[in-house]
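[1] Fold the following for me, if possible:
(one chain, ligands or ions: 1)
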Amino acid sequence: MEKIVTRFAPSPTGKFHVGGIRSALYNYLYAKKNGGKFILRCEDTDVTRSKKEYEDYFLAVFKWLGLNYDEYFRQSERTEIYKKYLNKLIGEGKAYISKEEIRKEGDRSEVIRFKNPNKIINFHDEVLGDLSFDTTESKDFIIARDLENPLFNFTNAVDDFEMGVTHIIRGQEHVSNTPRQILIGEAIGAPRPIYAHGSIILNEKRAKLSKRDLLVCPALEYKDNGYLPEALLNFLSLLGWNPGTEQEIFSLKELIDVFSLERMQKQGAIFNPEKLDWINKEHIKKLSPEKIEKNIFEWLPEEYRNPKIIPIILERISKWGDIKEMVAKGELDFFFKAPVVLKEKLIYKNSSPEKIANNLKLATRALEAVDNFTEENIKSVLMSLADNLDNRGELLHPVRFALSGLDKSPDPFTIASIIGKNETLSRLQKAI
Ligand code: GLU
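    Numbering: from 1, shown residues only. So this is what the prediction gives:
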């Protein structure tokens, strides 16, 4: 059996984004699943638009994601190869040098045009089915500015041949390039690869994602916002492919096992950020307690790195970046310093200040007697007090509020056990 070779071929003309990762991932998965080879190819022949920093950028993304490639090529280093093919095509009359006017400057220059056989190209796409294109309208299209400066469709087709690429998996925006690439492939004697053009990605308004769309933000922003690479890959895998089962959470290994071209879908895939967050949280849950602590601590200011608040944080985040937000909003401050407590907010609903003060005193007295200041002990003491009242909130609310000073916070038992007995009593005293 022929060895399967896939490739992902980004152009370094901008910061690499999410849609690109999806194509890269499908190529990676398909190669790995079939014991094949996955090539990464930097398509940097457009000297004016290509930038080294963008190449470095996508390389950093691949590194972060752990998508390992077997070979790496840079088209700018392959000029001699393209030249050889250009000369061959010219020699065989399949391409020709044409002198033409450059519109802007009015002077004449040479370009290399492909001699279009003007035929119908039929090809089968694994996702889109049988497609047919009349290439006549492409006329004798330009494949190089000169022997040293080949253009995209040409270098793309030559490299797919030279590198033995068997499967081309990419986004639907490339369908229209395919007939010209097939014509070039035929002219250089390349076997035809198998094509699979993945669905376009839509935002929730069902509009195509554009460069200006927030959702198409540069890929490393996901790293900076504290998403797990395995979660982002899992999420993107499901944008345009489905496993055919109910399972939604996959490790990269599991994706390799279940991925297939047959389950790539034609219809547009919706990019749903809430789903990404949900998937990310599921992947966080799969991490070891040590890893979770290490990550959470990395995102916390040093003075907040207390193991006791880890469960609280974990419950409230879906990605590490949420921690930064919690810290910025002061949502964790009360664990480390006594809050400013607004008097009137201690009052529960229509209760009176006297009643509230009295309940806080009851709570204080009861807690003073608790020697082993654990969450369970605190809870059992406070709940038995509260259960004797007409309304439990008249005790539980002021205690919670006295400890946190916030409208929304963890329950008072958790907070008390974390800040400890002395601090708890002192905050209650102040509130009284
Ligand atoms: N260099 C092309 C791009 O970044 C990739 C074309 C392809 O995958 O065939 O759009």
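[2] do you know how far the closest residue to residue 65 other than its chain neighbours is from the ligand?
    Distances taken as CB to CB, 6 or more residues apart in numbering put residue 229 closest to residue 65, at 4.7 Å, once the chain neighbours are dropped. Backbone N, C-alpha and C define where each C-beta goes, glycine included. Note on residue 229: its distance to the ligand, by CB to the nearest ligand atom, to the nearest Å, is 21 Å.
[3] Might you report the residue contacts of residue 229?
    Neighbouring residues of residue 229 by CB atoms under 8 Å, 6 or more residues apart in numbering: 64-66, 223.
[4] and which of those is nearest residue 52?
    residue 64 (18.6 Å; CB to CB).
[5] so where does that closest one fall, helix or strand?
    Per DSSP states H and E: residue 64 is located in helix 52-65.
[6] Quickly run through the sheet partners of the next helix or strand after that helix, with directions.
    Remark: after helix 52-65, the chain's next helix or strand is strand 71-74, criterion DSSP H and E. Strand 71-74 pairs in its sheet with strand 37-42 (parallel), by DSSP bridges.
[7] For the strand it pairs with, list every residue counted as buried.
    Neighbour-count burial for strand 37-42 flags 37-42 (criterion: 16 or more other CB atoms under 10 Å).
[8] hang on, the earlier thing: among the contacts of residue 229, which ones lie close to the ligand?
    Near the ligand, taking CB under 6 Å from any ligand atom as the test, no member of these is found.
[9] what's in contact with the helix or strand bottoming out on mean pLDDT in the chain?
    Scoring the helices and strands of the chain by mean pLDDT, DSSP states H and E places strand 201-202 at the bottom, with a mean of 88. Strand 201-202 has contacts (CB under 8 Å, 6+ apart) with 18-19, 22, 208-209, 239-240, 268-271.
[10] Same check on stretch 20-35?
    Residues from elsewhere that reach stretch 20-35 (CB under 8 Å, 6+ apart): 3-8, 10, 36-38, 40, 58, 61-62, 65, 67, 69-70, 167, 169-171, 196, 198, 201, 219, 232-233, 236-237, 239-241, 255-257, 259-261, 264.
[11] Look at residue 131 and give its secondary structure.
    Under DSSP: H, G, I helix; E, B strand; the rest coil, residue 131 falls in the strand class.
[12] need the contact list for it.
    With the criterion set at CB under 8 Å, 6+ apart, residue 131 makes contact with 122-125, 175, 178.
[13] Who wins on neighbours among those?
    Neighbour counts for these peak at residue 178, which has 22 neighbours (criterion: other CB atoms under 10 Å).
[14] Send over the host helix or strand of that one as PDB, restricted to the C-alpha atoms.
    Assigned by DSSP H and E, residue 178 belongs to helix 178-187. Only the C-alpha atoms of helix 178-187 are listed here, as PDB (Å, rounded to 0.1, in the frame of the first residue of the first chain):
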ATOM      1  CA  THR A 178      -8.000  23.100  -7.400                       C
ATOM      2  CA  PRO A 179      -8.700  22.900 -11.200                       C
ATOM      3  CA  ARG A 180      -5.600  25.000 -12.000                       C
ATOM      4  CA  GLN A 181      -3.500  23.000  -9.600                       C
ATOM      5  CA  ILE A 182      -4.800  19.800 -11.300                       C
ATOM      6  CA  LEU A 183      -3.900  21.200 -14.700                       C
ATOM      7  CA  ILE A 184      -0.300  22.000 -13.600                       C
ATOM      8  CA  GLY A 185      -0.100  18.600 -11.900                       C
ATOM      9  CA  GLU A 186      -1.100  16.900 -15.100                       C
ATOM     10  CA  ALA A 187       1.400  18.900 -17.100                       C
END
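[15] Taking helix 178-187 as reference, get the angle to the next helix or strand after that helix.
    Per DSSP H and E, the first helix or strand lying C-terminal to helix 178-187 is strand 194-198. With axes from the mean of the first three to the mean of the last three CA atoms, to 10 degrees defining the directions, strand 194-198 sits at 160 degrees from helix 178-187.
[16] Need the contact partners of strand 194-198.
    With contact meaning CB under 8 Å, 6+ apart, strand 194-198 is reached by 22-23, 26, 123-128, 166-172, 174-175, 178, 240-241, 261, 264.
[17] if we go to 6 Å?
    Contacts to strand 194-198, defined as CB atoms under 6 Å, 6 or more residues apart in numbering, come from residues 125-128, 167-169, 171-172, 175, 240, 261, 264.
[18] How far off centre is it?
    Centroid displacement of strand 194-198 relative to its chain, using CA atoms, centre = their mean, to the nearest Å, is 22 Å.
[19] Tell me who's in contact with the residue nearest in space to the middle of the chain.
    The C-alpha lying nearest the average C-alpha coordinate of the chain belongs to residue 232 (CA atoms, centre = their mean; 3.8 Å). Each residue near residue 232 by CB under 6 Å, 6+ apart is listed here: residue 222.
[20] can we see that at 8 Å?
    So residue 232 contacts 21, 65, 222, 276, 280 (CB under 8 Å, 6+ apart).
[21] From residue 114, how far off is the second one?
    When you say that, I think you mean residue 65. 37 Å (CB to CB, to the nearest Å).
[22] what do you get for the fourth one?
    To residue 114, residue 276 is 43 Å away according to CB to CB.
[23] From the contacts of strand 201-202, pick the one nearest residue 132.
    residue 268 (22.4 Å).
[24] tell me the pLDDT at the closest one?
    Reading off the confidence values, residue 268 has pLDDT 91.
[25] Quick check: residues of this structure near the ligand?
    Checking the chain against the ligand by CB under 6 Å from any ligand atom, the hits are 9-11, 43, 156, 170, 174.
[26] The residue nearest to residue 392 when sequence neighbours are not counted sits in which helix or strand?
    Nearest residue to residue 392, sequence neighbours excluded (CB to CB, 6+ apart): residue 386, at 4.0 Å. In the assignment (DSSP H and E), residue 386 maps to helix 375-387.
[27] which residues are contacting that helix?
    Contacts for helix 375-387 (CB under 8 Å, 6+ apart): 359, 362-363, 366-367, 369-370, 392, 395-396, 399, 412-414, 416-417.
[28] one more time with 6 Å
    Counting by CB under 6 Å, 6+ apart, 362, 366, 370, 392, 395-396, 413-414, 416-417 sit against helix 375-387.
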